[in-house]
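[1] coordinates only, sequence not included:
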């Protein structure tokens, strides 16, 4: 286990958003957070990234209290890909190099530059190194943002709806990238998702949130028609096509 969440609670203006949330993620796993709008998914991710501090509960990374770690150490352990990001007049290589900031003391070393080249190579983005971010498509920009997070060499990678506003091809490519990163880098990847079919196709484990509480948590066995209907309020069937599970609203 690399990430442990135990009894986390959070409220906005006395309105409970998260209540007694508990789960754990192991190395090499892609963990999907699911739930309808307003269920608390993005708030939970912001707690995991220490953007906000829950007044109750604990979050441990490698058995260390996330909120007791120095900020620089958190940046070394946790990578974060937000739901929205702005393009800028900076090259792809320099944008990914920013991911090395938590590790750089005075100036980028040869190792820092090599890590950037390696990450861009893994993502098939070498030819884009000298392109500017504001010249990229949405899918290309998303891959660069993920590359920057991977350049941090995090133990935990958090992504907030990484496939939103992407076409079908780029949705698959982005999730293939993060799935492969979990396996090959032996890290925990936590992804907030809306698309149940993409979650079923790529995730190893699932957290179903409803009204800020854990409705179900576990492997493929929790993605039943009953649980999905209970969370989303619509009857569904879970069928298989080409041996791939597919959620079909009824």
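    Sure thing, it's come through. All values reported here derive from a predicted model rather than from experimental measurement.
[2] who does residue 15 bridge with?
    Counting by DSSP bridges, residue 15 is bridged to residue 12.
[3] look up how far residue 38 lies from it.
    Distance, residue 15 to residue 38, using CB to CB, to the nearest Å: 11 Å. For the C-beta atoms, the positions are set from N, CA and C on the backbone; glycine is no exception.
[4] of those two, who's got more company?
    residue 38 (13 against 8; other CB atoms under 10 Å).
[5] can you tell me the SS state at the more buried one?
    Secondary structure, DSSP: H, G, I helix; E, B strand; the rest coil: residue 38 is coil.
[6] show me the contacts for it.
    If you count contacts by CB atoms under 8 Å, 6 or more residues apart in numbering, residue 38 has none.
[7] okay, it: pLDDT?
    In this model, residue 38 is scored at 84, pLDDT.
[8] what's the helix or strand containing residue 239 packed up against?
    Per DSSP states H and E, residue 239 falls inside strand 236-241. Using 3 or more CB pairs under 8 Å, 6 or more residues apart in numbering; DSSP states H and E, the elements in contact with strand 236-241 are helix 225-232, strand 244-249.
[9] can you give the distance from it to the centre of its chain?
    25 Å (CA atoms, centre = their mean, to the nearest Å).
[10] over to stretch 114-134?
    The mean C-alpha position of stretch 114-134 is separated from the chain mean by 20 Å, CA atoms, centre = their mean.
[11] which residues touch that stretch?
    Contacts for stretch 114-134 (CB under 8 Å, 6+ apart): 87-93, 95-97, 99-100, 136, 140-141, 143-144, 146-147, 150-151, 153, 177, 180.
[12] next: stretch 23-34.
    1-5, 41, 44-45, 156, 178-179, 182-183, 186-194, 196, 199, 202-209, 214, 217, 231.
[13] longest helix anywhere in the protein?
    In the chain, taking DSSP state H as the definition, the longest helix is helix 168-185.
[14] now the element after it, going C-ward?
    strand 188-192.
[15] may I have the strands that pair with that next one, each with its orientation?
    strand 30-35 (parallel), strand 156-160 (parallel).
[16] tell me which of those strands sits most buried.
    Among the strands paired with strand 188-192, strand 30-35 has the highest mean neighbour count (mean count of other CB atoms under 10 Å), at a mean of 25.
[17] next, the angle from it to helix 225-232.
    Counting by axes from the mean of the first three to the mean of the last three CA atoms, to 10 degrees, strand 30-35 lies at 60 degrees to helix 225-232.
[18] after strand 30-35, next one along is what?
    From strand 30-35, the next helix or strand downstream (DSSP H and E) is helix 41-48.
[19] list the helices and strands that following helix packs on?
    strand 3-12, strand 15-25, strand 30-35, strand 156-160, strand 188-192.
[20] strand 188-192 and the longest one, what's the angle between them?
    In terms of direction (the same axes, to 10 degrees), strand 15-25 departs from strand 188-192 by 150 degrees.
[21] quick one: mean pLDDT for strand 15-25?
    95.
[22] and the angle for that strand with strand 3-12?
    Using the same axes, to 10 degrees: strand 15-25 against strand 3-12 is 180 degrees.
[23] nearest residue to the middle of the chain?
    Residue closest to the average C-alpha location in the chain (CA atoms, centre = their mean): residue 159, at 2.4 Å.
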